[in-house]
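With the input below, show me the fold.
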Amino acid sequence: MIIGNTAFLSQSLLPAALQSLLQRSELSVQTLSGQADGVYELEGKKLFYILSSDETSPVAERRSEFHQQYLDIQLVLKGEEGMGVGPSLSDLSRYEATKPDLFFTDDVHPDNHLVLREGDFVVFFPGELHRPLCQVSES
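Numbering: from 1, shown residues only. Below you'll find the model as predicted:
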């Protein structure tokens, strides 16, 4: 997992490919904030992003998720979002995907919690458990 803020990408410890990706003008907070919710392809199915205007809710109402194939970059465009993180899962084979490369689990709970605000991002690698869209102070 790597966390940071888009305003400080040049100071981040991101691998060069991820830093270059997040510096693309079409992926700026301002540009993304002006787009409608939906799935957008940058390089076909190899590289895509999903915009959604979801409401946060209490952590107990959220589910933990992970991916086996893709990196998952979560970027907050507006407001604040709590996110549960970790532990990494050792035996991914016991879980079944609900969508392509999206796995949910109710039996493993995050060890730590982050609070993300506008421009903050977190990069999750395959197998890294996370629980997004957790309410911080209000929905």
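
pLDDT weak spots in this protein?
For the chain, no stretch is flagged by pLDDT under 70.

need the strands for it, in chain order.
For the chain, strands defined by DSSP state E occupy the ranges 2-5, 38-41, 48-51, 64-66, 72-75, 80-88, 97-99, 102-105, 112-117, 120-124, 128-134.

out of these, which comes closest to residue 57?
Nearest to residue 57 among those is strand 128-134 (6.6 Å), distances taken as CB to CB. C-beta coordinates here come from the backbone N, C-alpha and C atoms, glycine included.

Which strands or helices does the closest one pack on?
In terms of contacts (3 or more CB pairs under 8 Å, 6 or more residues apart in numbering; DSSP states H and E), strand 128-134 is packed against strand 64-66, strand 72-75, strand 80-88.

Check those strands for me and report the most buried one.
With neighbours defined as mean count of other CB atoms under 10 Å, the helices and strands packed on strand 128-134 peak in mean count at strand 64-66, which reaches a mean of 20.

May I have stretch 35-49 exported as PDB, CA atoms only?
What follows is stretch 35-49, C-alpha atoms only, in PDB (Å, rounded to 0.1, in the frame of the first residue of the first chain):
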ATOM      1  CA  GLN A  35     -17.000  14.000 -15.200                       C
ATOM      2  CA  ALA A  36     -20.100  12.000 -14.700                       C
ATOM      3  CA  ASP A  37     -20.100   8.700 -12.800                       C
ATOM      4  CA  GLY A  38     -19.100   5.800 -15.000                       C
ATOM      5  CA  VAL A  39     -16.300   3.500 -16.300                       C
ATOM      6  CA  TYR A  40     -13.600   5.200 -18.400                       C
ATOM      7  CA  GLU A  41     -11.000   3.400 -20.400                       C
ATOM      8  CA  LEU A  42      -7.500   4.900 -20.800                       C
ATOM      9  CA  GLU A  43      -5.800   2.000 -22.500                       C
ATOM     10  CA  GLY A  44      -8.600  -0.400 -23.100                       C
ATOM     11  CA  LYS A  45      -9.400  -2.900 -20.300                       C
ATOM     12  CA  LYS A  46      -5.700  -2.800 -19.300                       C
ATOM     13  CA  LEU A  47      -6.100   0.600 -17.700                       C
ATOM     14  CA  PHE A  48      -9.400   2.000 -16.700                       C
ATOM     15  CA  TYR A  49     -11.000   4.000 -13.900                       C
END
